[in-house]
Structures are given as C-alpha cells and as structure tokens.
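>>> A structural model of the following input is requested.
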Amino acid sequence: MLRSAIATTALSLVLAAPLAAESDPVVVELFTSQGCSSCPPADRMMHDLAKRDDVIGLALHVDYWDYIGWEDEYADPNHTQRQRAYARQGGRSMIYTPQMVINGQHDVVGAQSRELERLIDAHLTAAPEAEVVATRSGNDVTVDVTPVELPEGETFDVRVVQYSPMRHASIRRGELAGHELDYANVVESWQVAGQWDGVAPQQFSAELTSDLPAVVLVQRAGHGPIVAATKVK
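Next comes the predicted model:
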C-alpha cells in the first residue's frame, strides 16, 4: 500500500533508454524509506535513472516511518524537511513515500514510469533559464553560474550535494523484513555554497566532506524550481 492517503495503480517499471547527454540534466529526487513496503519499485527506477547522462537522480531517505519497526539507516530528518517544504510550495497538506520530485516543480506519486518519463522529456526540451559549471580539485569545488532567462527579483540557492552511488541494506524488521536491497544515488550530505541574485555571472566555492561524487543544483530560494544543475567534474 502506498504510504499516503492517495492510492495509485502500479505501472510499468521500464524507463526509456538513456538519451544523449545534456548540458542541463533534469533533477529527479526520490523520497523513499526502508520502512515503506511500496517503495522498492520506485527504488529500482532510481537504479535506471542513475545510469542516465541527461538525469541527476537522487535518493533522499526520510525518517518518518522509522517508528513502525525498522529505522532507515540512510534517513535524514533534513530530507523530511525538504519534502515538507516541497509540499507547502505545491499546496499539499501531506507527505508520503515513494514520491519523485522533478526539477523542484512537479511530483510523481509512486512508481509511475510513464508519467515520470513525460515530465523528464518536458524539462529536457524546455528553454534553459541558467547555466552552471562545476569543477573539482581534491575536495574543493568551484561553481560558475550564468543567467540565461531568469525572472527578476529572485534569489537562488547554489546547493552542493554528495551521494553514494550504491548502498546495501539488510532489513530485519518492519514491512520489508527479510529483504536484501540495493539503493542507488543515496544522498549523504547537502550544503549551500551561497546565494545568487541571478543578475550576472558569479562564482562560488565549497569544500566537500568526502571523496564521494557530487552534483550542484541551482534552485530558487525557498525550495522553488531548480533552474540549472550539473554533475561535478
């Protein structure tokens, strides 16, 4: 059963084949939990998203199902707060798992691959609003942002996210007791390198907390739309 008051029908899990690499990949955030029996299909979809060059897939494990018998070892209360912020932005009164948020603007309930692919395609073909390039030297990251077609008077957070490409879990209790599951692109750390007014090109820097891979998201302050994103090279 989907972990919310909203019911959904299980659809095909097959995603379209990876598209050609894009300079501005689409960000798909999956809010998931090891305590949610309806999450594994969406978790498997994240494995496919993680292989694509035109998508940045991030798995954010939440903590609000820990009380039902299994504490998600990758959960972070900050992920729950981010999901709540998205719900407020979208005028929703509840949060649930699994949920996918695309470029901070649209959400998909459950593992609806066709709807997810439709939204990814729509964002891939949309006109760019900003450009971002990120380079890494050791644990130091330099981020260059450039406006293309941004609304005036807005502020944007330059977010640096690190993730584990693969994590394994041996679940012993709760709804998924006895399952051995692999999770792709598990978010491990999150920081804001600075805020940008979007008026002129600007450079930011950040120090990473580990040697894990990283991505940069340029997002309207207050958990608004993601206007640019890139993988750190």
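>>> element containing residue 183, please.
Element membership for residue 183 (DSSP states H and E) is strand 180-196.
>>> go on, residue 143?
With DSSP H and E as the criterion, the answer for residue 143 is strand 140-147.
>>> so that strand versus strand 180-196, what angle?
60 degrees (axes from the mean of the first three to the mean of the last three CA atoms, to 10 degrees).
>>> Name every sheet partner of strand 140-147 and say whether each one runs parallel or antiparallel.
Counting by DSSP bridges, the strands paired with strand 140-147 are strand 130-137 (antiparallel), strand 202-207 (antiparallel).
>>> okay, and for this protein, where does confidence drop off?
1-22 (pLDDT under 70).
>>> From residue 118, how far out is the closest residue to residue 164 other than its chain neighbours?
When the adjacent residues along the chain are set aside, residue 164 lies closest to residue 186, with 4.7 Å between them (CB to CB, 6 or more residues apart in numbering). No exception for glycine: its C-beta is placed from N, CA and C like everyone else's. Between residue 186 and residue 118 the computed distance is 26 Å (CB to CB, to the nearest Å).
>>> between the two, who's got more neighbours?
Comparing residue 186 with residue 118 by other CB atoms under 10 Å, the one with more neighbours is residue 186, at 22 against 13.
>>> Tell me the bridge partners for the more buried one.
Legend: beta-bridge partners of residue 186 under DSSP bridges are residue 59, residue 164.
>>> wait, it sits on residue 163?
Yes. Look at residue 186 against residue 163 with CB atoms under 8 Å: they come within range, at 5.9 Å.
>>> what residues are shared contacts of those two?
Listed as contacting both residue 186 and residue 163 by CB atoms under 8 Å, 6 or more residues apart in numbering are residue 59.
>>> Buried ones in the strand holding residue 183, by neighbour count?
For strand 180-196, burial by neighbour count (16 or more other CB atoms under 10 Å) applies to 183-188, 190, 193-194, 196.
>>> go on, stretch 90-108?
Buried positions in stretch 90-108, judged by neighbour count with 16+ other CB under 10 Å: 95-108.
>>> From one end of that stretch to the other, what's the distance?
End-to-end distance of stretch 90-108: 12 Å, with CA to CA, to the nearest Å as the criterion.
>>> Who does the residue sitting nearest the centre point of the chain form a beta bridge with?
Taking CA atoms, centre = their mean, the centroid of the chain lies closest to residue 29, which sits 2.3 Å from it. Judged by DSSP bridges, the bridge partners of residue 29 are residue 58, residue 101.
>>> Would you check that it makes contact with residue 58?
Yes. Counting by CB under 8 Å, residue 58 is a contact partner of residue 29 at 5.1 Å.
>>> overlap in contacts of those two?
Counting by CB under 8 Å, 6+ apart, nothing touches both residue 29 and residue 58.
>>> Am I right that residue 82 is in a helix?
Yes. Counting by DSSP: H, G, I helix; E, B strand; the rest coil, residue 82 falls inside a helix.
>>> Which one of the buried residues of strand 180-196 is nearest to residue 85?
Proximity of the buried residues of strand 180-196 to residue 85 (CB to CB) peaks at residue 190, which lies at 12.8 Å.
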